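Novice: model the structure of this input:
(one chain, ligands or ions: 1)
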Amino acid sequence: MNENYEYKVTAAGRVNIIGEHVDYCGGKVLPCALSLNNTVYIRRNNSDCINIEWTTLDEKVSIPLERLLDFSFHKYAKYIVGCAYLWREHGHRLVGCDLKLDCTVPFGSGLSSSAAIEVSVLAALATVGGELIINKEIAQIAQQAEHKFAGVMCGIMDQFVSANGKKDNALLLDCKTLEFEYIPIKLRDYSLVIIDSCKPHDLVVSKYNERRQETEEALRLLQNKLDVNCLADVSSEQLESCRDLLPPVIYKRAKHVITECERVSFTATALKNGYLAAVGAVLNASHKSLSEDYEVAGVELDTLARFAQNHPACLGSRMTGAGFGGCTVSLVKTDSVADFKARVLEGYKSQIGYDAKVYETDISDGIIIQKL
Ligand code: GLA
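Specialist: Numbers count the residues shown, from 1 in each chain. Have a look, this model is predicted:
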């Protein structure tokens with residue numbers, strides 16, 4: 001369909017195995033890039049405009065390079081405009097071009113469609129501008145686009161794994177230093193199953209930003225007694241010794257972050273050693289913490305996780321992503337996956353009243369650039 005385009009540039013959606021709501025606290029996270037992704041077809045057009053169209057939308061926009069910000073409130077174009085604007089702000093060359101976007105990450109699923117769009121657009125702009133792709137810089141600019149043009153004060157996890165993910169591997173990322181290592185996902189006779197609660201989630205932005213502020217307050221208060229630069233550097237023992245400094249809600253938020261960081265290290269080791277039952281137990285513990293201490297799960301994700309956890313072939317299940325809707329990820333014996341899906345979907349519908357949805361997807365690479 002796209003014979004006249006010069007390049008095809010893809011970046012991935014993601015599922016986070018563990019390390020939820022810790023990236024903006026300097027913690028480690030363990031996400032995987034998915035084969036659900038965003039592809040940008042791009043060609044130079046020798047004009048002073050960026051022309052955008054989408055395979056899934058009946059809409060076309062033509063944006064003069066000198067008037068990018070006029071489109072920063074456009075429902076769909078704002079992410080692209082934001083990336084183009086910040087790309088130039090960072091000293092890169094922006095050329096007139098035609099883009100066609102094809103996104104297979106379902107919007108609102110919590111599998112990071114926006115990171116996939118931002119990262120692939122930046123990689124595409126770099127490619128037609130004749131520049132080398134520096135994944136780390138692209139992830140950082142994509143994160144800024146999310147902050148400035150979508151209003152979500154997100155961490156770096158989604159954009160980083162969207163750029164750097166690797167097929168059949170999880171990425172253990174230290175969000176403080178941006179150092180990372182790949183951990184092969186070898187699940188033997190088990191599989192990861194991703195199910196969308198399909199909850200319409202409208203409060204995500206405000207609630208997400210509120211949680212981030214709560215963790216910043218926790219750090220500020222703890223710094224009265226501890227010499228630390230981020231919440232991820234605080235141990236559980238230190239938190240307990242400072243409990244009196246924190247209002248109850250702020251204590252719970254900090255407790256989630258600190259215990260979740262411990263769970264990430266544990267999971268990374270367990271995965272490397274193939275201790276899948278241990279991984280499952282930690283997934284369950286993570287969900288409990290996100291539900292009770294961080295309060296980002298809600299009845300839909302709690303219901304979905306509970307039906308999953310109660311299935312005999314499931315080693316563990318948790319919500320993944322920001323929460324307030326979105327998906328669960330479960331570790332399930334492969335030969336029972338069909339029964340697992342049927343029973344979880346049925347249970348969920350009977351309690352919540354509408355259907356959840358299973359996504360078929362694999363662990364894939366991050367940015368892929370193809371000359372057409
Ligand atoms: C969203 C954000 C990430 C991260 C997760 C929660 O996906 O974009 O930076 O904070 O929520 O772990």
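Novice: what's near enough to touch Ala84?
Specialist: With contacts taken as CB atoms under 8 Å, 6 or more residues apart in numbering, Ala84 has the following neighbours: Ile50, Ile63, Leu65, Leu68, Leu94, Val121, Leu125. Using the backbone N, CA and C atoms, a C-beta is placed for each residue, glycine as well.
Novice: low-scoring pLDDT stretches of the stretch 1-150 of the chain, where are they?
Specialist: Applying pLDDT under 70 to the stretch 1-150 of the chain flags the ranges 1-3.
Novice: cool, and the stretch 151-300 of the chain?
Specialist: 202-203.
Novice: before we move on, back to that, just the contacts of Ala84: which are in helices?
Specialist: Counting by DSSP state H, the members of the contacts of Ala84 that fall within helices are Val121, Leu125.
Novice: which two in the contacts of Ala84 are spaced the farthest apart?
Specialist: Leu65 and Val121 (14.6 Å; CB to CB).
Novice: with neighbour numbers in mind, choose between these two.
Specialist: When Leu65 and Val121 are compared for neighbours, Val121 comes out ahead with 29 against 16, by other CB atoms under 10 Å.
Novice: ok, which residues in the stretch 251-372 of the chain are in contact with the ligand?
Specialist: Near the ligand, the residues belonging to the stretch 251-372 of the chain are Gly321, Ala322 when assessed by CB under 6 Å from any ligand atom.
Novice: what ranges do the strands span in the stretch 251-372 of the chain?
Specialist: Secondary structure of the stretch 251-372 of the chain (DSSP state E, counting those that start in this stretch): strands located at 314-320, 327-333, 357-359, 368-371.
Novice: mean pLDDT for those - can I get that in a markdown table?
Specialist: Formatted as a markdown table, the entries for the strands of the stretch 251-372 of the chain read as follows, by pLDDT from 0 to 100:
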| stretch | mean pLDDT |
| --- | --- |
| strand 314-320 | 98 |
| strand 327-333 | 98 |
| strand 357-359 | 98 |
| strand 368-371 | 97 |
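Novice: could those be laid out in a markdown table, adding mean neighbour count?
Specialist: Supplementary listing: these in a markdown table, determined by neighbours: other CB atoms under 10 Å:
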| stretch | mean neighbour count |
| --- | --- |
| strand 314-320 | 27 |
| strand 327-333 | 26 |
| strand 357-359 | 16 |
| strand 368-371 | 12 |
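Novice: out of those, nearest to Asp302?
Specialist: Asp302 lies closest to strand 314-320 among the strands of the stretch 251-372 of the chain, at 8.3 Å (CB to CB).
Novice: who does that closest one touch, helix- and strand-wise?
Specialist: If contacts are counted by 3 or more CB pairs under 8 Å, 6 or more residues apart in numbering; DSSP states H and E, strand 314-320 sits against strand 7-18, helix 276-292, helix 298-310, strand 327-333.
Novice: hey, which of these is tucked in deepest?
Specialist: For the helices and strands packed on strand 314-320, ranked by mean neighbour count under the definition mean count of other CB atoms under 10 Å, the leader is strand 7-18 at a mean of 28.
Novice: immediately after that one, which helix or strand?
Specialist: Using DSSP states H and E, the helix or strand that directly follows strand 7-18 along the chain is strand 28-44.
Novice: residue of the stretch 251-372 of the chain closest to the ligand, please.
Specialist: Taking CB to the nearest ligand atom as the measure, the stretch 251-372 of the chain has Ala322 as its residue closest to the ligand, at 3.5 Å.
Novice: and for the nearest residue to that residue once chain neighbours are set aside, the neighbour number?
Specialist: Of all residues not flanking Ala322 in the chain, Tyr208 sits nearest, at 5.3 Å (CB to CB, 6 or more residues apart in numbering). Tyr208: 20 surrounding residues under other CB under 10 Å.
Novice: distance between the helix or strand hosting Tyr208 and the chain's centre?
Specialist: When elements are defined using DSSP H and E, Tyr208 is found to belong to helix 204-222. A distance of 18 Å separates the C-alpha centroid of helix 204-222 from that of its chain, computed with CA atoms, centre = their mean, to the nearest Å.
Novice: counting by contacts, list what it packs against.
Specialist: On the basis of 3+ CB pairs under 8 Å, 6+ apart, helix 204-222 makes packing contacts with helix 248-273.
Novice: sort out which residues of the helix it packs on are buried, please.
Specialist: For helix 248-273, burial by neighbour count (16 or more other CB atoms under 10 Å) applies to 250-261, 263-264, 266-268, 270-271.
Novice: please apply the same query to stretch 210-218.
Specialist: Buried residues in stretch 210-218, counted by 16+ other CB under 10 Å: Arg211, Arg212, Glu214, Thr215, Glu216, Glu217, Ala218.
Novice: residues contacting the fourth one?
Specialist: So the one you mean is Thr215. With contact taken as CB under 8 Å, 6+ apart, Thr215 is in contact with His21, Tyr24, Cys25, Leu231, Arg253, Ala254, Val257.
Novice: before we move on, what about Leu172?
Specialist: For Leu172, the contacting residues are Lys28, Val29, Leu30, Phe180, Glu181, Tyr182, Ile183, Val264, Ala268, by CB under 8 Å, 6+ apart.
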